[in-house]
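# Sequence and computational prediction follow.
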Amino acid sequence: MKKFLSLAILSLTLVACVDKTGLSADSSRKPTGNPNAAVVVQEFGDLQCPACKAAYESIVKPLLAQYSSTISLEFKHFPLRSIHEYALDLAEGSECAADQGKFWEFVDIAYTKQSELSRSSIRAWAASLGLDMPLWDRCTKSHIKRATILADYAEGEKRGVVGTPTFFVNGTKVDSNLEAISAAITAATTGAAQRL
């Protein structure tokens, strides 16, 4: 027990020693699509989740192909840490990539190469995006983004998210399939047009 306690204290000390100069605890991730759209689609997702990977291909990409000028698509972190060992590492890596304007590129590579996942692959994926790796390394090692990620998770719980992926259109939870989300987008777009 003493050995475990010593290791825990040493780990916390090392994290506290990471230089946080130039780092921000706030998220820099931006929505994709039209940031000024009246219709906001939010996905609560886990970058290690196989269902989220499938939804990325069968829901997110088709939505963006069809509605990129009409919707703002936001990603919210909902790392299922009890079943996905790297979920929090991936979330932190994506947030640190977002600080360098590469959030969606990181998401794309994480889903595309999900079967090759390891701690070293997460770093390699970040490097393949041409990121400033010393900055990305300091960001991930500091865990400065963890509170932001856990705030997304808490928001999801409050809104009734129990698994991933979970989608909302203008704040209303919808079934996680392309047809349901498309219908909700059409209804919201029609409603917005009628209010003008």
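Now that the structure is in, tell me what you want to look at.
# Backbone dihedrals for residue 44, please?
In terms of degrees, to the nearest 10, the main-chain angles of residue 44 are phi -90, psi 120.
# Could you tell me the phi and psi values at the residue nearest to the spatial centre of the chain?
Note on the chain: the residue nearest the mean C-alpha position is residue 77, at 4.4 Å, using Cα atoms, centre = their mean. Per-residue torsions, residue 77: phi -80, psi 130 (degrees, to the nearest 10).
# Provide a list of residues in contact with it.
Residues near residue 77 by Cβ atoms under 8 Å, 6 or more residues apart in numbering: 44, 45, 46, 91, 94, 95, 148, 149, 152, 153. Every residue, glycine included, has its C-beta placed from N, CA and C.
# For this structure, just list every one of the helices.
2-16, 50-55, 61-67, 87-98, 103-112, 119-128, 133-142, 146-158, 178-195 (DSSP state H).
# Just the pLDDT at residue 154, thanks.
pLDDT for residue 154: 98.
# Likewise for the one 10 residues further on?
Per-residue confidence for residue 164 comes out at a pLDDT of 98.
# From here on, call the first residue 709.
Sure, I'll start numbering at 709, so the last one becomes residue 872.
# Show the contacting residues for it.
Applying Cβ under 8 Å, 6+ apart, one finds that residue 872 lies in contact with 752, 753, 754, 757, 759, 760, 786, 788.
# Would you mind writing the PyMOL command to select the buried ones in those residues?
In PyMOL, a selection of the buried entries from the contacts of residue 872 looks like this (16 or more other Cβ atoms under 10 Å):
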select buried, resi 752+753+754+757+760+786+788
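# Let me know the closest of the contacts of residue 872 to residue 896.
residue 752 (18.3 Å; Cβ to Cβ).
# Name whatever forms a beta bridge with that closest one.
residue 784, residue 874 (DSSP bridges).
# what sits against it?
784, 785, 786, 860, 864, 869, 872, 873, 874, 875, 876.
# and of these, the nearest to residue 894?
residue 875 (14.6 Å).
# For residue 833, see how far away that closest one is.
25 Å (Cβ to Cβ, to the nearest Å).
# now the contacts of residue 872 in CSV, with pLDDT and distance to residue 849?
Below are the contacts of residue 872 laid out as CSV (pLDDT from 0 to 100; distance: Cβ to Cβ, whole Å):
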residue, pLDDT, distance to residue 849
752, 98, 26
753, 98, 24
754, 98, 22
757, 97, 24
759, 98, 30
760, 98, 25
786, 98, 23
788, 96, 23
